[in-house]
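Q: got a predicted model here, sequence first, then my questions.
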Amino acid sequence: MFYSSELAFFRRVLANQHIDSYLISENTPLPDNIDKGLRKFFELNDNYQKIFSEPWKKMKPNTVYKSTDKFYCSYVSFLLPDAPEKTVLIAGPYTAFEITRTMILEAAEQNSFPAQTVSQITKYYGNIPVISDESHLYALLNSLAEVMWGGSTNYSVENITDRFDETFSADSLHAFKAKSDDALLSIQLLEERYEAEGKMMQAVAQGKTHIVEQMFSHASIVSLEKRTDDPVRNMKNYLIISNTILRKSAEMGSVHPFYIDSVSTEFAQRIELVRSQHDATELMKEMVRKYCKLVKKHSSKDYSLLVQKVITIIDADLTADLSLKRFSSLLNVNASYLSSLFKKETGKNLTEYVAEKRIKNAAYLLTTTNLQIQTIAQHCGIYDVNYFAKTFKKITGKTPKEYRKAL
């Protein structure tokens, strides 16, 4: 197909928004999981065929169909032009608004669902993306249409709502109640959750901020169980879970717990201060960036265990005795061997490395505090102010006074 690359890009963007898409042709069997197992769970297998198999066989060319079922799940579908055989793309499900626990409880009562199924249904909707503004989706589709159909004016959109009767028959309801303790739906969603979490943790461990931000763009990355209808409390729960996952991800990225603990503790305290969904969203972005930055700055995966210990001790207290002699005694290792190993792995000898760390901290204090230069030198472990000024100029090209004045 002449638009294969554009179609692949379209589907990749959908996937990044957590919207599944399927290409179905006349000679391929219908996937059994387009609705993520919802109708199979409700024993509505005949409805599945009616909704996902029969309609597309009657689709008109150059037409995009937007359908919404009785479960408030939306799908987009259209015939592919110039395909070797009749092929349809189906994308979904997604919802136009959040399905709350109260809505689920009321629906369960109305349809006499067993109480133990509410948790599974709640988890199901927690794993479905919410696209409250579909303009972005259709802007993307419009771009694809310009390629597939020769322009955005050459196709139309048809909305299909409640086209099929999906009321629960006595037989289907009886069968559903009989298997109400079946955790199949929960198991499937749990598998998706762990797969997504694994990908996210790997991205954090590599310090790839842009990938993690995209994955966190929807709360379904961690299948959040909405225990209340308070969206702020639910977001706090989500943030607590995310802080734990991000902390473990940084550890996977070979960041020492010394660096992780202060960041994790800070966010644990700030999470409870969240007062709105906007605050929660902004804090989530900050958490992602800070943990990824932590990996980029403090990952020690390329260092031996001995050098890792030296670097961690240096970062723990710049005012301490950080001489080669002290490290040799502290770690019970030959000084000459330690010096050679440190230079080989970091590219700097120990004295140079410590000096750069101290001056970097001094530069930060010069620009963020009004402390006297002599005081700053002491906070950086250099107690001779003249030696401090000389070292500072050697590394930065400016004296401490010049550096502070320039900024």
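A: Now that the structure is in, tell me what you want to look at. Numbering: from 1, shown residues only.

Q: show me where the stretch 1-150 of the chain has strands.
A: Applying DSSP state E, counting those that start in this stretch to the stretch 1-150 of the chain gives strands spanning 21-25, 63-68, 74-79, 87-94.

Q: got a markdown table for those strands, with mean neighbour count and distance to residue 15 too?
A: Heads up, the C-betas are built off the backbone N, CA and C, glycines and all. Output for these, formatted as a markdown table (neighbours: other Cβ atoms under 10 Å; distance: least, Cβ to Cβ, whole Å):
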| stretch | mean neighbour count | distance to residue 15 |
| --- | --- | --- |
| strand 21-25 | 17 | 7 |
| strand 63-68 | 19 | 19 |
| strand 74-79 | 22 | 14 |
| strand 87-94 | 22 | 10 |
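
Q: now those strands as CSV including distance to residue 262 and mean pLDDT?
A: Below are those laid out as CSV (distance: least, Cβ to Cβ, whole Å; pLDDT from 0 to 100):
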stretch, distance to residue 262, mean pLDDT
strand 21-25, 42, 91
strand 63-68, 48, 90
strand 74-79, 44, 93
strand 87-94, 39, 94
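
Q: distance to residue 324 added to the ones you listed, as a markdown table?
A: Shown next, in a markdown table, are the strands of the stretch 1-150 of the chain (distance: least, Cβ to Cβ, whole Å):
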| stretch | distance to residue 324 |
| --- | --- |
| strand 21-25 | 60 |
| strand 63-68 | 69 |
| strand 74-79 | 65 |
| strand 87-94 | 60 |
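
Q: quick one: closest of these to residue 1.
A: strand 87-94 (9.2 Å; Cβ to Cβ).

Q: for that closest one, name the packing helices and strands.
A: Counting contacts by 3 or more Cβ pairs under 8 Å, 6 or more residues apart in numbering; DSSP states H and E, strand 87-94 packs against helix 4-16, strand 21-25, strand 74-79.

Q: again, only this time at 10 Å
A: In terms of contacts (3 or more Cβ pairs under 10 Å, 6 or more residues apart in numbering; DSSP states H and E), strand 87-94 is packed against helix 4-16, strand 21-25, helix 45-52, strand 63-68, strand 74-79, helix 135-148.

Q: would a markdown table of those with distance to residue 121 be doable?
A: As requested, the helices and strands packed on strand 87-94 are exported to a markdown table (distance: least, Cβ to Cβ, whole Å):
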| stretch | distance to residue 121 |
| --- | --- |
| helix 4-16 | 24 |
| strand 21-25 | 23 |
| helix 45-52 | 16 |
| strand 63-68 | 18 |
| strand 74-79 | 17 |
| helix 135-148 | 25 |
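
Q: I'd like to know which of these is closest to residue 367.
A: Residue 367 lies closest to helix 4-16 among the helices and strands packed on strand 87-94, at 38.2 Å (Cβ to Cβ).

Q: other residues contacting that closest one?
A: For helix 4-16, contacts defined as Cβ atoms under 10 Å, 6 or more residues apart in numbering pick out 1, 3, 19-23, 76, 80, 89, 91-92, 94, 129, 136-137, 140-141, 143-148, 211, 214-215, 217-218.

Q: swap the cut-off to 6 Å and go again
A: 21, 91, 140, 144, 147, 214 (Cβ atoms under 6 Å, 6 or more residues apart in numbering).

Q: swap in stretch 295-311?
A: Under Cβ under 6 Å, 6+ apart, the answer for stretch 295-311 is 207, 250, 253, 254, 255, 259, 327, 342, 345.

Q: at 8 Å what do you get?
A: For stretch 295-311, contacts defined as Cβ atoms under 8 Å, 6 or more residues apart in numbering pick out 204-207, 249-250, 253-256, 259, 312, 315, 327, 331, 333, 338, 341-342, 345-346, 350.

Q: let's see which of the residues you listed end up in strands.
A: Judged by DSSP state E, those include no members of strands.

Q: derive a ChimeraX selection command for the buried subset of these.
A: In ChimeraX, this line selects whichever of those come out buried by 16 or more other Cβ atoms under 10 Å:
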select :204,205,206,207,249,250,253,255,256,259,327,338,341,342,345,346,350
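
Q: among the contacts of stretch 295-311, which lie within helices?
A: 204-205, 249-250, 259, 312, 315, 327, 338, 341-342, 345-346, 350 (DSSP state H).

Q: least trustworthy position among the residues you listed, going by pLDDT?
A: Minimum pLDDT across those is recorded for residue 205, with 77.

Q: that residue contacts residue 246, correct?
A: No: applying Cβ atoms under 8 Å as the test, residue 205 and residue 246 come out as separate, 10.2 Å apart.

Q: how far does stretch 122-142 stretch from start to finish?
A: One end of stretch 122-142 sits 33 Å from the other (Cα to Cα, to the nearest Å).

Q: residues of that stretch that come out buried?
A: Residues of stretch 122-142 classed as buried: 122, 123, 124, 125, 126, 127, 128, 129, 131, 137, 138, 141 (neighbour count, 16+ other Cβ under 10 Å).

Q: from the contact counts, what lies against the helix or strand residue 391 falls within?
A: Using DSSP states H and E, residue 391 falls within helix 385-396. With contacts taken as 3+ Cβ pairs under 8 Å, 6+ apart, helix 385-396 sits against helix 350-368, helix 373-379, helix 400-406.
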